[in-house]
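Build me a structure from this.
(chains A and B)
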Protein chains: 2
Amino acid sequence: MSSMTGITPKLIGLCASAQEILNRCARQITAEIEQGVEKHYKEVLNVSSGDFHGMGLKPITITRQVLAACFYPSLLNDESLPLDARERAQSILRETEAGSIGSYTAARGIKKIQASVCKFITKRDGVVPDPDNIYITNGSQTGLIIVLKLLVQRETGVLTPVPSNSTFNMAVVALGGLVVPYYLHEEQGWAVQLEELRRALHTARGRCNPTVLYIINPGSPTGHVQSKDSIEEVIRFAAEERLFLMVDEVHQDNVYGKGIEFYSYRRVLAEMGPPYSSTVELACFNSISKSVMGESGLRGGYLELVNLDPLVLPYVYNYFNLTVCASVGGQIAVDLMVDPPQPTQPSYDLYTQEVQSIRRAIRNNAQKTLEVLSGLPGISCQPVNGGIFAFPRLHLSQSVIKHAKEKQLEPDLLYSLRLLEEEGLCVGAGCVHGQKEGTHHIRICLATPENTMKDVLQRLESFQLRFIKEFP
Amino acid sequence: MSSMTGITPKLIGLCASAQEILNRCARQITAEIEQGVEKHYKEVLNVSSGDFHGMGLKPITITRQVLAACFYPSLLNDESLPLDARERAQSILRETEAGSIGSYTAARGIKKIQASVCKFITKRDGVVPDPDNIYITNGSQTGLIIVLKLLVQRETGVLTPVPSNSTFNMAVVALGGLVVPYYLHEEQGWAVQLEELRRALHTARGRCNPTVLYIINPGSPTGHVQSKDSIEEVIRFAAEERLFLMVDEVHQDNVYGKGIEFYSYRRVLAEMGPPYSSTVELACFNSISKSVMGESGLRGGYLELVNLDPLVLPYVYNYFNLTVCASVGGQIAVDLMVDPPQPTQPSYDLYTQEVQSIRRAIRNNAQKTLEVLSGLPGISCQPVNGGIFAFPRLHLSQSVIKHAKEKQLEPDLLYSLRLLEEEGLCVGAGCVHGQKEGTHHIRICLATPENTMKDVLQRLESFQLRFIKEFP
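Got it, this is the predicted structure:
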């Protein structure tokens, strides 16, 4: 019995990813530094993932105060915590069984928090959702996988942007579905193009049964923010082609491009009116990890289902029950994300100050990154209007490509590994996210303190100048 | 586009369960009471699920103190919290990226907590596990589903006890596998019988490919605790038949039968020596929800993989990565479950007192339940040696069965609904958990304050006496 009895063959395709290679290398360098090995940098800066707190941004105080008081209700009487934090905690505890967040909640989440999400959507979009269509989840990733499980069967094609979110693609494949790539148009700031969606769909037909269209808006890792017109176009396309829309809007909290506004698919769909508003099937996702609160470790998010057949909903609900409820800590943070302190409340000033400072850091980091990159040879970057990533393109010479081939590495992974070894800077490699053949990119997280980003850009700059000399 | 575009047919089988019918009815009665409708009981007592806090048991203080200080580190200097709670919080924060539990942790959990789990297993079993084989999960349910995903493909048969955990069975079916039932022997205190395992396996061969054996020990909902000999027998059987053992040991913290001891499969396997100890593939599950801390809402647990092919482990790890890390709140509670306060620490006395009081309540509730049931006509119950449920058998008359058939209800669901309506007592219906054809049961959760259980048993008694008069 030396080999595993039942390992499913579908897993064999999931080999160690480029990101894992980078992470391993970063851990090794960190260990070396700890053991006293001399480097010309003091520590590894890791901007390859989207981890606000890991990079040194601070949590929002009231979120943590409410969590502390919910977990340890003796704090409800502790006057060192602001009154609104204690009242919020009290109001959440009242909604739990026997007043303990140690109880199971309903599988779809605490009712009051579902209601808070509804109010948030109403305020944002001018529509009144049915609370029964809101599901509080352990983060958007879990939400996406739950919906994929509902939609994907053998031969289901899922139209997926390139570049995209690699775990989403892995989930589609693990469920027996097919990833149908559609390419975002880099030269147009990574816009979604209707003709490309059509091309992808028509190429897929015959090979599989494409029924799902996955959209990420604001774009990740691209920084593109879709216009209202573009969203309308996509919705019309989904309606004509009978596609189920899965819309990942986890970056909605960070939109900062000049004159750029975030429109939710929910809102645009409602404003289009019938027949679209009452027929196009839509699942929208949001998360506490990518909001300014940046609470990735808590695991919290929600999804909303729109226009699903009422006959189908009981099955969705039962399926959801399989996963038990989302962790209560994450649920509480969702409540604060969608229902933050109001101007009359004692926490409002501190909250506003904290949020503004994080938003400012991300916006300034985006601007600074574009400035520095625009002055560097061999690299270019589209405008970043939202989200927390820049995805600059590397214009690599033939000599790099050849060298990478010899080393059996993707060229941008080779670049990222060299950057990591020589400057202690860990960026993401474009090959993880997908890219047009023959193009190469890196991903840089912008959700860091401004000083850190200054250091990041200096390291990148000195590496790039050396690298293009080495491989002219 | 009025019907959902891609709903997977495999979902159609998951219809509203008996438990959901009971829950709905309980909610309705509660709403009626709130609206002032007169009942001869003041409130619904719900002992149908295993929710410690929901039933009124209290959380363990230090768990909540550590959580509060981790979430809101200003509390690290608050001397109203005991020093060991603050030190524990500090030591956990040191293990997170940039000292914030808002950062992502490694996908398999915080390293320090994996190490704490290893020490716990070493102390319990005298073996030294590889920390890389420990995965911290959002509760045991999530852990079970992750392992099922690895093992189950089309036609995989999973040997599953009857009675059992219905969500496990649903997960097997949702993954395209087949549930192969093996019946626990009620008259022998719900023991696992080797000949029954053999019968189940041989009947299944030909119909499917049975490669997984699921064990729940201590038994749930049965209260049976397997002897060391019985475990050895099962392990030998798994070795002979090349079965992967999935062992759900979430009730290990509550074993109270006279002279009864909990043996983990991990320990027995190690003590059996080679070839068993080095070849039998095993996944073991534990959870904070069913430990005395009863923290169901936090979602936390761990699984250990034993003897998996080292070539397969990287795929397991990659697959695990798909789910992001478990919620940090749950991870922290796992740390406290496996590494509780020690005698020299300030929290030790309170901790010990709280744990003893919960254990005493469960043990006394089990005893009291058996006493009351043994005096009641038409109902019988096997000894309950561990876990938090009793699963008494209803000896229903032909007139009840006929009446249930007319109402198109399972007889024990009919019984439970009547009990709920007439006495405001919500118990679980045996049909949810599975049972030998022609037998009928109810499930009662014992993890309640002792006063509550007194009330539960009084309501059950008066109902049962009326019911057998009505249906002689």
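
What average pLDDT does stretch A:255-273 get?
The pLDDT scores in stretch A:255-273 average 97.

That one: end-to-end distance?
One end of stretch A:255-273 sits 26 Å from the other (CA to CA, to the nearest Å).

quick one: it to chain centroid distance?
Mean-position distance between stretch A:255-273 and its chain equals 18 Å (CA atoms, centre = their mean, to the nearest Å).

now swap in stretch A:344-351 and tell me
Relative to its chain's centre, stretch A:344-351 lies at 28 Å (CA atoms, centre = their mean).

any idea of the mean pLDDT for it?
98.

Is there proximity between it and chain B?
No. If you take CB under 8 Å from any CB of the partner chain as the test, stretch A:344-351 misses chain B, and the best it gets is 12.9 Å. (C-beta placed from N, C-alpha, C; glycine too.)

what does that stretch rub up against?
A:Ile60, A:Thr61, A:Ile62, A:Gln65, A:Pro82, A:Leu83, A:Asp84, A:Ala85, A:Pro340, A:Pro341, A:Gln342 (CB atoms under 8 Å, 6 or more residues apart in numbering or on different chains).

rerun that using 6 Å as the cut-off
For stretch A:344-351, contacts defined as CB atoms under 6 Å, 6 or more residues apart in numbering or on different chains pick out A:Thr61, A:Ile62, A:Pro82, A:Leu83, A:Asp84, A:Pro341.

Columns secondary structure and pLDDT on top of those residues, output as JSON lines?
Formatted as JSON lines, these follow (DSSP: H, G, I helix; E, B strand; the rest coil; pLDDT from 0 to 100):
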{"residue": "A:Thr61", "secondary structure": "helix", "pLDDT": "98"}
{"residue": "A:Ile62", "secondary structure": "helix", "pLDDT": "98"}
{"residue": "A:Pro82", "secondary structure": "coil", "pLDDT": "98"}
{"residue": "A:Leu83", "secondary structure": "helix", "pLDDT": "98"}
{"residue": "A:Asp84", "secondary structure": "helix", "pLDDT": "98"}
{"residue": "A:Pro341", "secondary structure": "coil", "pLDDT": "98"}
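
Any chance of a ChimeraX selection covering the buried ones in the residues you listed?
Selection of buried members from the contacts of stretch A:344-351 for ChimeraX, criterion 16 or more other CB atoms under 10 Å in any protein chain shown:
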select /A:61,62,82,84,341
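
Could you single out the nearest of the contacts of stretch A:344-351 to B:Trp190?
Relative to B:Trp190, the closest of the contacts of stretch A:344-351 is A:Ile62; by CB to CB it sits at 49.9 Å.

mind listing what the closest one touches?
Contacts of A:Ile62 (CB under 6 Å, 6+ apart): A:Ala85, A:Pro341, A:Ser347, A:Tyr351.

Surely A:Gln464 forms part of a helix?
Yes. Counting by DSSP: H, G, I helix; E, B strand; the rest coil, A:Gln464 is part of a helix.

Pretty sure A:Leu373 is one of the things it touches, is it not?
No. In this structure, A:Gln464 is not within contact of A:Leu373 by CB atoms under 6 Å, at 9.0 Å.

that older thread, would you turn the contacts of A:Ile62 into JSON lines with secondary structure and distance to A:Ile379?
Listed next are the contacts of A:Ile62 as JSON lines, based on DSSP: H, G, I helix; E, B strand; the rest coil; distance: CB to CB, whole Å:
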{"residue": "A:Ala85", "secondary structure": "helix", "distance to A:Ile379": "45"}
{"residue": "A:Pro341", "secondary structure": "coil", "distance to A:Ile379": "41"}
{"residue": "A:Ser347", "secondary structure": "coil", "distance to A:Ile379": "42"}
{"residue": "A:Tyr351", "secondary structure": "helix", "distance to A:Ile379": "38"}
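
what's the closest of the residues you listed to B:Phe71?
Checking the contacts of A:Ile62 against B:Phe71 by CB to CB gives A:Ala85 as the nearest, at 11.7 Å.
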